[in-house]
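Student: Sequence below, structure please.
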Amino acid sequence: MKGTEFAELTAFMAVTRERSFRRAAQSLGLTPSALSHTIRSLEERLGARLLNRTTRSVAPTQAGQTLFERLGPAFQDIEGAVKDVGAFQTQPRGTVRLNLPRLAVHRVITPILADFTTKYPDIQLDLIIDDNITDVVAKGFDAGIRSGELISQDMIAVKLTPDLRMAVVGSASYFQHHPVPAKPADLRDHSCVTYRWNETGALFPWRFRNGDQSVEVKISQSVTVNDIDILCEAALQGVGLALLPESFVQPHIADGHLVRVLENWCQPFAGFYLYYPDKPYMPAALRAFIDFVKSSRPALCPL
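Tutor: Have a look, this model is predicted:
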């Protein structure tokens, strides 16, 4: 159906409902003469008279009444659909799809999840745990959480946490049989377990910085995996050294199950940011989530 044909039917429904060209014209934002011309065009196209007009009244013909009754349910569905879509812009409800790494779930989402779902019971959070660097727009996500160093310049980014640090760790049992590395280059003589991105096959780089000195070490990996939980477990079991987020392994360091080395070479880098595309007509559910996360920043666990 062409746009002009739909406009003609809309005009016909309004006149039949109002039984007045003047009132129908006001509701449609048209002049009575323009509306009358539209109705004539519809009648000519259909080859049937739809309305009986006098100077005092307007009433549908039999053909017009039949058309009105047949179109009524369809127009109600259209109006309802438009109203429902509008509600997504004004009422916080619907689904928010969020792409984020596993560590961000523990440090950003878990602390606020219960409060958010209580405040917004009509919003469904669809959390996709993804340690890859994913294009959230291309993959159909509403927003993402990543380290600020990994976010595209064309995104709106909101800082959520303090800076992050990495930590090189190994089990106490591992160091009973291996010397403690004094500098990054010593890692070449150690077995290491490291992260591999499943989409590209690239290994997570072991980069270090101490003052003005920066170095990237090509380690000899005994295990590669795309899950930081398994990396941590491998380190705990004495398989080798692992490079993991400081906050993730801190409890194991505190209880003595993991030993941290090369701490002076692990410098801070940008913390977690919530990011999303800059576009008009943001759904109310996404706006509610963004505002809630912003307001919750002081309560988030420090990293």
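
Student: what about Asp227, how many residues close to it?
Tutor: Using other Cβ atoms under 10 Å, the number of residues around Asp227 comes to 13. For every residue, glycine as well, the C-beta is placed using N, CA and C.

Student: next one: phi and psi at it?
Tutor: With angles defined as degrees, to the nearest 10, Asp227 sits at phi -150, psi 120.

Student: Identify the residues contacting it.
Tutor: Arg102, Asp131 (Cβ atoms under 8 Å, 6 or more residues apart in numbering).

Student: Return the helix or strand in this protein with minimum mean pLDDT.
Tutor: None of the helices or strands of the chain scores lower by mean pLDDT, DSSP states H and E than helix 62-90, at a mean of 76.

Student: what mean pLDDT does the helix or strand containing Ser41 have?
Tutor: Following DSSP states H and E, one finds Ser41 within helix 32-46. In this model, helix 32-46 carries a mean pLDDT of 89.

Student: Let's see it as PDB, backbone CA atoms only.
Tutor: The C-alpha coordinates for helix 32-46 follow below in PDB (Å, rounded to 0.1, in the frame of the first residue of the first chain):
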ATOM      1  CA  PRO A  32     -11.500  20.900   5.700                       C
ATOM      2  CA  SER A  33     -11.000  21.600   2.000                       C
ATOM      3  CA  ALA A  34      -7.800  19.500   1.900                       C
ATOM      4  CA  LEU A  35      -9.600  16.700   3.800                       C
ATOM      5  CA  SER A  36     -12.600  16.900   1.400                       C
ATOM      6  CA  HIS A  37     -10.200  16.600  -1.600                       C
ATOM      7  CA  THR A  38      -8.600  13.500   0.000                       C
ATOM      8  CA  ILE A  39     -11.900  11.800   0.500                       C
ATOM      9  CA  ARG A  40     -12.800  12.500  -3.200                       C
ATOM     10  CA  SER A  41      -9.500  11.000  -4.300                       C
ATOM     11  CA  LEU A  42     -10.300   7.800  -2.300                       C
ATOM     12  CA  GLU A  43     -13.800   7.500  -3.700                       C
ATOM     13  CA  GLU A  44     -12.400   8.000  -7.300                       C
ATOM     14  CA  ARG A  45      -9.800   5.400  -6.700                       C
ATOM     15  CA  LEU A  46     -12.300   2.900  -5.300                       C
END
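
Student: Give the next helix or strand downstream of that helix.
Tutor: Per DSSP H and E, the first helix or strand lying C-terminal to helix 32-46 is strand 51-53.

Student: Now stretch 223-241: buried residues?
Tutor: Val223, Val225, Ile228, Leu231, Cys232, Ala234, Ala235, Leu236, Gly238, Val239, Gly240, Leu241 (16 or more other Cβ atoms under 10 Å).

Student: I'd like the distance from that stretch to the chain centre, please.
Tutor: With Cα atoms, centre = their mean, to the nearest Å as the basis, stretch 223-241 stands 29 Å off its chain's centre.

Student: end-to-end on that stretch?
Tutor: 10 Å (Cα to Cα, to the nearest Å).

Student: what's the answer for stretch 160-179, then?
Tutor: Start and end residues of stretch 160-179 are separated by 38 Å (Cα to Cα).

Student: mind checking how far stretch 219-238 is from the chain centre?
Tutor: That offset, for stretch 219-238, works out to 29 Å (Cα atoms, centre = their mean).

Student: Now do it, average pLDDT.
Tutor: 91.

Student: just stretch 285-296 next, same as before
Tutor: 90.

Student: Which helix or which strand is home to Thr224?
Tutor: Per DSSP H and E: strand 220-225 holds Thr224.

Student: Tell me how many other residues surround the nearest residue to Ser296 once chain neighbours are set aside.
Tutor: Nearest residue to Ser296 in three dimensions, chain neighbours excluded: Ile112, at 4.7 Å (Cβ to Cβ, 6 or more residues apart in numbering). When neighbours are counted by other Cβ under 10 Å, Ile112 registers 18.
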